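# Predicted model follows, preceded by the sequence.
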Amino acid sequence: MSNFTLPRSERLKSLKVIRRMFVEGKSGFVYPFRYTYYPVQQGEAAESIGVMFSVPKKFHKRANKRNLLKRRTREAYRLSPMRERMRAIAEQRGVTIDLAFVYSTKEVHSYKTVTHAVQRILEQVCENI
RNA sequence: UAGCAAGUAUGCUCUAUCGCUGCCCGCAAGGGGAGAGGAAAGUCCGAGCAACACAGAGCACCGUACGAGUUAACGGCUCGACGUCCGCAAGGGUGUAGUAGUGUAACAGAAAAUAACCGCCGUGGCGGGGCAGGGGCGGGAGCAAUCCUGCUCGUGCCUUAUUGUAAACGCUUCGGUAAGGGUGAAAAGGUGGGGUAAGAGCCCACCGCGGCGGCAGCAAUGUUCGCUGGCAGUACGCCUUACGGGUUGCAAGACCAUGUAUACCGACAAUUAAGGGUUGCUCGUCCAAUGUCGGGGGGUAGGUUGCUAGAGGCUGUGGGUGACCACAGUCGUAGAUAAAUGAUAGAGGCUCCACUUGUGGAGUACAGAACUCGGCUUAUAGUAUUUGCUAUUAA
RNA sequence: GGUCCGAUGGAUGAGUGGCUUAGUCACCGGUCUGCAAAACCGUCUACAGCGGUUCGAAUCCGCUUCGGACCU
């Protein structure tokens, strides 16, 4: 079985959870992303990681560009080898890691740049948690 | 060949790997198949559908406004009529209900509409002037009659002229005129002649405009036809007429689950009123204590449904100038909800640039469904194609 | 997704289709003062963009851009 799947259950959806993450979580910046994460004490939730991607309307007016960047970021996250390590850390501590990527620049970057940035963000999260 | 005008179609393709969201098969593992647009956009019109009272009447308000057609409907579309602007042309832009009533038109200008300020003409008056002739008073000459002259007061005629001397006009009353007046976006039909005190459609000719009839057209309207009328301001509102519109919108609405609180406060009625019922007003109608409405506090931030087969698309035949319509055949074509439709690699198209002429480099538009349709508007790299116009050359 | 509202100098904010688009604050210059402040006087800088209607548009009508509000 492949490890590179990303079903809907791993995505962050609840307004309450997202609000809590942005209010209480830690954040950092790796160009071109602002990221926020917050470890929650695990309840009944089966998943060990919850993730969301966002591109503000302020930086990209057109919906097709926002779509493109969100998809690119999602693919970069999905194919990242660091996910395995992060999941292990989460299971070890018995928490669910909520994580958000916010694309915050006006330029449209290639897949390569985005991959590097996502890689570094995941490394930082693993170290600081 | 070059430059245009009006349309129509299309708007990247394939392979591999890894994914995402529905659907189908399967106990499962897994397998199969589907998955953004011409504008999905703006939300500018029109409908379906839903709730409100199975939505009723009147007023208010809003929209539309050349004619005929098309359609479920429309402010759209098609064909046609007229005016005006742009273009050599093919064509394109833009406008068009009614005038019964009523209002406004800055600045400028005499005046912005019941015209009459200047000017022109007639008439009366006053002042001044000219001519003619008369009365009174004074002076001079003369014996006197009388003559000459100065002052003054009436009268008549004239006052810029065909005879005929004189030469100077000014103010004003009443009336007639609309030819002329540097304005203005817009000035009371135009040109010529007659006419007159001066002028004027006052009269005449031609041109323009209107009415009636005939003819053509379903009609708007047209008319090298006949007769006839001396003849219109322009623009924008209010208004009038005809037609249409109940209001709110899928975050409509329905069901399920979870949670809470009948917290509390205020208003209202015992039989005729008040209040309320998603509407601006009035009427009608409906609502009764476990009540209705308002204030205020608390909870949820989930699921199912609405939800995709529809005024559907495509092809052919027939009707129609056309929008469109009829019939037959055929196709199955997204349904998400922190929101899928993707990423990477390779190959190939197409366009541009460079030179070593078959290689390299760059680019490949506008843009992403959210209940669904019909239009409009706006954005859009290119490519293909139809018809028409103008110019040049050749036959 | 749907329903609406707005855009006027550097800031704020009036404006019946008609004169150079008011006013307040700020900036700048001057008067005053030994120097400033206050006061007084003066100057500068605007109708979001494009097109249409009209003789004439900040105003009326379309389209575009930007900003904002509401819905459960």
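The structure has been received and is ready for your questions. Remember, it's a predicted structure, so these values are computed and weren't measured experimentally.
# where exactly do the helices run in chain A?
Ranges of helices in chain A, per DSSP state H, are A:15-24, A:63-78, A:82-93, A:111-128.
# Relative to A:Phe4, which of these is closest?
For A:Phe4, the closest of these is helix A:63-78, at 5.7 Å, according to Cβ to Cβ. (Each C-beta comes from the backbone N, C-alpha and C, glycine too.)
# do the lowest-mean-pLDDT helix or strand in chain A and RNA strand B meet at all?
Every helix and strand of chain A was ranked by mean pLDDT, DSSP states H and E. The lowest is helix A:15-24, at a mean of 80. Yes - under the criterion of Cβ under 7 Å from any atom of the strand, helix A:15-24 makes contact with RNA strand B via A:15-16, A:18-19.
# Tell me the spacing between A:Gln119 and A:Tyr35.
12 Å (Cβ to Cβ, to the nearest Å).
# These two: which is more packed in?
A:Tyr35 (22 against 16; other Cβ atoms under 10 Å).
# Contacts only, for the spatially closest residue to that one that is not a sequence neighbour.
In this structure, A:Tyr35 finds its nearest non-sequential neighbour in A:Ile121, 5.0 Å apart by Cβ to Cβ, 6 or more residues apart in numbering. Contact analysis of A:Ile121 by Cβ atoms under 8 Å, 6 or more residues apart in numbering lists A:28, A:30, A:33, A:35, A:101.
# quick one: which of the residues you listed is nearest RNA strand B?
A:Phe101 (11.0 Å; Cβ to the nearest atom of the strand).
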